[in-house]
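# Compute the structure for the input listed below.
(one chain, ligands or ions: 2)
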Amino acid sequence: MAGNGVFAEIYDGEVEVYKYYADGHWHKSSSAKSVSIINPTTRKTQFKVQACTQEEVNKVMEAAKVAQKAWARTPLWKRAELLHKAAAILKEHKAPIAECLVKEIAKPAKDAVTEVVRSGDLVSYTAEEGVRILGEGKLLVSDSFPGNERSKYCLSSKIPLGVVLAIPPFNYPVNLAVSKIAPALIAGNALVLKPPTQGAVAALHMIHCFHLAGFPKGLINCVTGKGSEIGDFLTMHPGVNCISFTGGDTGIAISKKAGMIPLQMELGGKDACIVLEDADLDLVAANIVKGGFSYSGQRCTAVKVVLIMDSVADEVVEKVKSKMGKLTVGPPEDDCDITPVVTESSANFIEGLVMDAKEKGATFCQEYRREGNLIWPLLLDHVRPDMRIAWEEPFGPVLPIIRIQSVEEGIHHCNASNFGLQGCVFTRDINKAIMISDAMETGTVQINSAPARGPDHFPFQGLKDSGIGSQGITNSINMMVKVKSTVINLPAPSYTMG
Ligand SMILES: NC(=O)C1=CN([C@@H]2O[C@H](COP(=O)(O)OP(=O)(O)OC[C@H]3O[C@@H](n4cnc5c(N)ncnc54)[C@H](OP(=O)(O)O)[C@@H]3O)[C@@H](O)[C@H]2O)C=CC1
Ligand SMILES: O=C(O)[C@H](O)COP(=O)(O)O
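Numbering: from 1, shown residues only. Ligands and ions are numbered 1, 2, ... in the order given. Model prediction:
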């Protein structure tokens, strides 16, 4: 059960508020204020977390800075050992953490468990990858540059950045937190996590698993509060040496305000699915349903617009409709496919897109139905570029289909988007697939499968408004270090003899 057993320490039962984590301990905020987490299904307060103060953030940053210096001196194999321990504890306690995900973000029960297990695996893989890539440096010799003899040896190695600020979004509050925490730690950095409000309690449980693993005090910290209230103070804090953020347009605002520090931004997407006439239409339909409706479309990598050749559109629409009819709709506890979207304002936003499409003449393949935050899956056919849903990201179970007359028209629509996260193309012709992939202005193109971030060691990046930098385990480790060179100057040129 959440907040019980080994997790009792993180909960203040008297006032029913979860504590925040700093300097190796669980604390109540001096603000005496809390932030409510609303269960998307019941629309009632499920949990409360501390509203941390600026003073508390200052203390966390100071402690993190001190702890980081000692951590950077900790042998790499020991850092990896602790990460492996945390991963095992996380997986051992998957049930109570998954329970939080069900209650806070209405993630279907089985997917909630998968998120925690995937997170444990990600932490272990990062430990292994870190040992490999951080254990190696480079030796450069000077005589490769014109005019030089071999009188200088340059040793370059990877050193930590300092304090990494991690801000994940609501849809993967555990997995997208550890995808920042583990690379930061293996690389010798300290970490301050600001979890999303919806998902904060799952994140606090996850942090407790790192606490139980025995990381040094002050190295890992988790401050809670509304992003709109403490977000700016955190992201503009002089103690922060790197920000790794996943979320929506907030990330664009952060990148304008942050100082001269490395940024890793994974933002929104409008992932297009381009379907050619020669595609395997059963495969297409299965991937449209999986890609468009998993976790009710609340994935940055969800299929968010289908661009389909007119000649095969009718057949695909029928196949998709038939598969959508089998999706179960209801509470996450029952492991339904479609569950309530995260907040009422999110449901209202989705409804706004649907009503705009209705007014402008889109074809509704199902009746629009909503109860509270629960929106039934909806396919909108004959969507045109003048409709908002052709461009905006619903982050809900509503999928537009735009019929195209040529592949060029599909590529043009995809590239006219301000987003450039992922996209996919369905065809049996690999040559065409490669050429379309090259033409699509997105960070990743999937051939004959729906977009997806995983496996978690694959590079994952967005172009344009979809992000800065690249994630994936290896890229995240490399992003959270800087290069240090030490140059050995020899008294005379020296050449290695054969
Ligand atoms: N490319 C990717 O990998 C992904 C992108 N996304 C995108 O994220 C969006 C949905 O996620 P959502 O969580 O609603 O995104 P938001 O951008 O609203 O929030 C993301 C995180 O930022 C915090 N935050 C809010 N305001 C500030 C601020 N001023 N300064 C610092 N942090 C702040 C939030 O905290 P709080 O909850 O307290 O407001 C939350 O932890 C969609 O657009 C989606 O496409 C989502 C997942 C993955
Ligand atoms: O937040 C998201 O939506 C993810 O980064 C996408 O992850 P997934 O493709 O594994 O669902």
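
# What is the neighbour count of Met355?
For Met355, the count of nearby residues is 12 (other CB atoms under 10 Å). Quick note: C-beta positions are derived from backbone N, CA and C, even for glycine.

# May I ask which helix or strand encompasses it?
Element membership for Met355 (DSSP states H and E) is helix 344-359.

# Output the contacting helices and strands for that helix.
Secondary-structure packing of helix 344-359 (3 or more CB pairs under 8 Å, 6 or more residues apart in numbering; DSSP states H and E): strand 374-375, strand 378-381, strand 398-404.

# among those strands, which is nearest ligand 2?
Closest of the helices and strands packed on helix 344-359 to ligand 2 is strand 398-404, at 15.4 Å (criterion: CB to the nearest ligand atom).

# Let me see the residues that make contact with that closest one.
Strand 398-404 is contacted by residues 288, 292-293, 297, 303-310, 313, 317, 350, 353-354, 357, 362, 375, 377-385, 387, 389-390, 410, 413 when judged by CB atoms under 8 Å, 6 or more residues apart in numbering.

# So what touches the next helix or strand after that strand?
Sequence-wise, the next helix or strand downstream of strand 398-404 (DSSP H and E) is helix 407-416. Contacts to helix 407-416, defined as CB under 8 Å, 6+ apart, come from residues 272, 274, 276, 305, 307, 309, 385, 390, 402, 404, 423, 432, 436, 439-442.

# Which strands and helices lie in contact with the one helix or strand Gly120 maps to?
Per DSSP H and E: Gly120 is located in helix 109-134. Contact partners of helix 109-134 among helices and strands, from 3+ CB pairs under 8 Å, 6+ apart: helix 76-92, helix 94-105, helix 175-186, helix 473-479.

# Out of those helices, which is the most enclosed?
Most buried of the helices and strands packed on helix 109-134, by mean neighbour count (mean count of other CB atoms under 10 Å): helix 175-186, with a mean of 29.

# and the angle for that one with helix 76-92?
Orientation check (axes from the mean of the first three to the mean of the last three CA atoms, to 10 degrees): helix 175-186 against helix 76-92 gives 160 degrees.

# my read is Asp232 is in a helix, agree?
Yes - assessed by DSSP: H, G, I helix; E, B strand; the rest coil, Asp232 belongs to a helix.

# That one reaches Lys256, doesn't it?
No - between Asp232 and Lys256 there is no contact under CB atoms under 8 Å: 11.3 Å.

# More neighbours: which of these two?
Asp232 (13 against 7).

# ok, now how distant is the residue nearest to that one when sequence neighbours are not counted from ligand 2?
In space, and not counting its chain neighbours, Asp232 is closest to Lys257: 6.8 Å by CB to CB, 6 or more residues apart in numbering. To ligand 2, Lys257 is 23 Å away according to CB to the nearest ligand atom, to the nearest Å.

# ok, now which ones touch Lys257?
By CB under 8 Å, 6+ apart, the contact set of Lys257 is 232, 235-236.

# One more: Lys110?
Residues near Lys110 by CB under 8 Å, 6+ apart: Asp335.

# cool, Ile89 as well?
209, 212-213.

# Name the member of those residues that has the highest neighbour count.
Going by other CB under 10 Å, Cys209 tops those with 27 neighbours.

# wait, isn't that one in contact with Leu83?
No - if you go by CB under 8 Å, Cys209 and Leu83 don't touch, sitting 11.1 Å apart.

# beta partners of the closest residue in space to Ile430 that isn't next to it in sequence?
In space, and not counting its chain neighbours, Ile430 is closest to Ile447: 7.5 Å by CB to CB, 6+ apart. Beta bridges link Ile447 to Val425, judged by DSSP bridges.

# tell me the contacts of Ile447?
Contacts of Ile447 (CB under 8 Å, 6+ apart): 424-425, 427, 430, 433-434, 437.

# Kindly provide the distance from it to Ile97.
In this view, Ile447 and Ile97 are 35 Å apart by CB to CB, to the nearest Å.

# Where do the helices of this protein begin and end?
With DSSP state H as the criterion, the chain has helices at 54-72, 76-92, 94-105, 109-134, 175-186, 200-213, 227-235, 250-257, 281-293, 310-324, 344-359, 407-416, 430-439, 473-479.

# Of the contacts of strand 398-404, which ones also sit close to ligand 1?
Among those, proximity to ligand 1 is found for none (CB under 6 Å from any ligand atom).

# Separate out the buried members of those.
With burial judged by 16 or more other CB atoms under 10 Å, the buried subset of the contacts of strand 398-404 is 288, 292-293, 297, 303-309, 313, 317, 350, 353-354, 357, 362, 375, 377-383, 387, 389-390, 410, 413.

# What residues does this structure have near ligand 1?
167, 169-171, 194, 196-197, 226-228, 231-232, 235, 246-248, 250, 254, 266-269, 300, 393, 395, 421, 462.

# In ChimeraX, how would I select the buried members of those residues?
In ChimeraX, this line selects whichever of the residues of the chain next to ligand 1 come out buried by 16+ other CB under 10 Å:
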select :167,169,170,171,194,196,197,227,231,235,246,247,250,254,266,267,268,269,300,393,395,421,462
